[in-house]
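K.L.:
sequence plus predicted model, see below.
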2 protein chains.
Amino acid sequence: MTVISKDLKLVTFINVFTVESENQQRLVDLLVKVTETSVRHARGFVSSSLHRSLDGRKVTMYAQWRTMEDYEQMRRDPTPVPFLQEAMTFATFEPGIYDVVETFAPPAG
Amino acid sequence: MTVISKDLKLVTFINVFTVESENQQRLVDLLVKVTETSVRHARGFVSSSLHRSLDGRKVTMYAQWRTMEDYEQMRRDPTPVPFLQEAMTFATFEPGIYDVVETFAPPAG
């Protein structure tokens, strides 16, 4: 479970991958594997949530890290590199690094 | 607070807006206003979380709806249209509609 709240003071990565729809599941499988075997074990990893677009053309990872330094330390680990290089042979990638500004709920009652 | 979990069976919208950095706060203000006054009151709205990229160039809305029909009903309401038209004069917009595939946590302990 992932919780989004500005009070948590986390660094949020929203990374949007674009693929041909016949490759969407292949990218999902790669990102599951790299997260399970490597990323989630890194210091400062809080959570990540993997999303599959209904049109088949996108896969988006919503990831939370304690600090930017923790994220950068993970990126220096060579273990995930071959998986990500494989993904880049059939997907494009638009990264984004964010703060949470506000979270909205329905009116009470 | 927003909770991401595949067990919730929601429809997730991850909409990435790109702006010149001098317009980022203006877009944040517009999206706060349209959400507070209109979107969050619609039937089937579950939550939304507004994100500001650290490089100043993106604003991303992560929104959850109960069903696609609820979302489409809200889109037929004319109230938010002028706000969104104003946003489109200075921002570009990449929409995405998703299912949650999986959420990852750090190892226990």
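P.N.:
Structure's in. What do you need? These numbers come from a predicted model, not from an experiment. Numbers count the residues shown, from 1 in each chain, chains lettered A, B, ... in the order given.
K.L.:
now the top helix by length along chain A: average pLDDT?
P.N.:
Secondary structure of chain A per DSSP state H: the longest helix is helix A:24-37. Per-residue pLDDT over helix A:24-37 has a mean of 96.
K.L.:
check which helices and strands it is in contact with.
P.N.:
Secondary-structure packing of helix A:24-37 (3 or more C-beta pairs under 8 Å, 6 or more residues apart in numbering or on different chains; DSSP states H and E): strand A:11-19, strand A:45-53, strand A:58-65, helix A:81-87, strand B:97-104. C-beta coordinates here come from the backbone N, C-alpha and C atoms, glycine included.
K.L.:
out of these, which is the most enclosed?
P.N.:
strand A:58-65 (a mean of 24; mean count of other C-beta atoms under 10 Å in any protein chain shown).
K.L.:
now that strand: average pLDDT?
P.N.:
On average, strand A:58-65 scores 98.
K.L.:
can you tell me which of the helices and strands packed on helix A:24-37 comes nearest to A:E94?
P.N.:
Of all the helices and strands packed on helix A:24-37, strand A:11-19 sits nearest to A:E94, with 4.6 Å by C-beta to C-beta.
K.L.:
now the closest one: how far from the chain's centre is it?
P.N.:
5 Å (C-alpha atoms, centre = their mean, to the nearest Å).
K.L.:
mind listing what the spatially closest residue to A:T67 that is not a sequence neighbour touches?
P.N.:
Taking C-beta to C-beta, 6 or more residues apart in numbering or on different chains, and ignoring the residues beside it in sequence, A:T67 has A:G44 as its nearest neighbour in space, at 5.9 Å. A:G44 sits next to A:65-67, A:69-71, A:73-74 when contact means C-beta atoms under 8 Å, 6 or more residues apart in numbering or on different chains.
K.L.:
any idea how far stretch A:96-103 is from the chain center?
P.N.:
14 Å.
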